[in-house]
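Novice: sequence and predicted model, in that order:
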Amino acid sequence: MKLVQADVAIDEDCHRLVAAAADWGRLDILVNSVTPALARALAPLIRVNAVCPGYMDTPWWTRGIGQGAADNLRELVKSAVPLRVASRPEDIAEVVMFLAGPASRHMTGAIVPADAGVLLLVPVSATDAHR
């Protein structure tokens, strides 16, 4: 594995980033933070999409706040999100596998929420409500 720092707003940096993966034979998955710019720079050879998870039901919560509080938080999240589930790492991995596979071959520069509907909880403005 290689770590390469790059400014994805600069095409040359994006190409240097991809060149660093050449030792491995191919670039399978890329984790980044400014997706649209990288998608433009690397298309059509490489598709770049972002996965945006919401609350994640992991042992991290138990270690950080204790079992009882973690259980309460999980139930609070489940009661609040539209899909009534607490997402697990495996759920997000399935989204990543979809994006890495052929079914998403026409997607690049996409921001994919995998948050059990958390984004739906954001209040909409009066203008948005009429659309």
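Specialist: Yes, it's here.

Novice: tell me how far the biggest helix by length in the chain lies from the chain's centre.
Specialist: Secondary structure of the chain per DSSP state H: the longest helix is helix 67-80. In terms of C-alpha atoms, centre = their mean, to the nearest Å, the centre of helix 67-80 is found 23 Å from the chain centre.

Novice: elements contacting that helix?
Specialist: The contact analysis (3 or more C-beta pairs under 8 Å, 6 or more residues apart in numbering; DSSP states H and E) places helix 67-80 against helix 59-65. Using the backbone N, CA and C atoms, a C-beta is placed for each residue, glycine as well.

Novice: buried residues, the helix it packs on. List them.
Specialist: W61, T62 (16 or more other C-beta atoms under 10 Å).

Novice: show me the domain layout of this structure.
Specialist: Domain assignment for the chain by automatic domain parsing gives 1-48, 53-117.

Novice: tell me the bridge partners for the most centrally placed residue in the chain.
Specialist: Centroid-nearest residue in the chain: V51, 1.6 Å away (criterion: C-alpha atoms, centre = their mean). Residues in a beta bridge with V51, per DSSP bridges, are V112.

Novice: hmm, back to that, now could you export just the CA positions of the helix or strand that the longest helix of the chain is followed by as CSV?
Specialist: Next helix or strand after helix 67-80 toward the C-terminus (DSSP states H and E): helix 89-100. C-alpha atoms of helix 89-100 as CSV (Å, rounded to 0.1, in the frame of the first residue of the first chain):
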residue,chain,number,x,y,z
PRO,A,89,-19.8,-1.6,8.6
GLU,A,90,-21.0,-4.5,6.5
ASP,A,91,-23.9,-2.4,5.2
ILE,A,92,-21.5,0.3,4.0
ALA,A,93,-19.2,-2.4,2.5
GLU,A,94,-22.0,-3.5,0.3
VAL,A,95,-22.4,0.0,-1.1
VAL,A,96,-18.7,0.2,-1.7
MET,A,97,-18.8,-3.2,-3.5
PHE,A,98,-21.6,-2.0,-5.7
LEU,A,99,-19.6,1.1,-6.6
ALA,A,100,-16.6,-1.0,-7.3
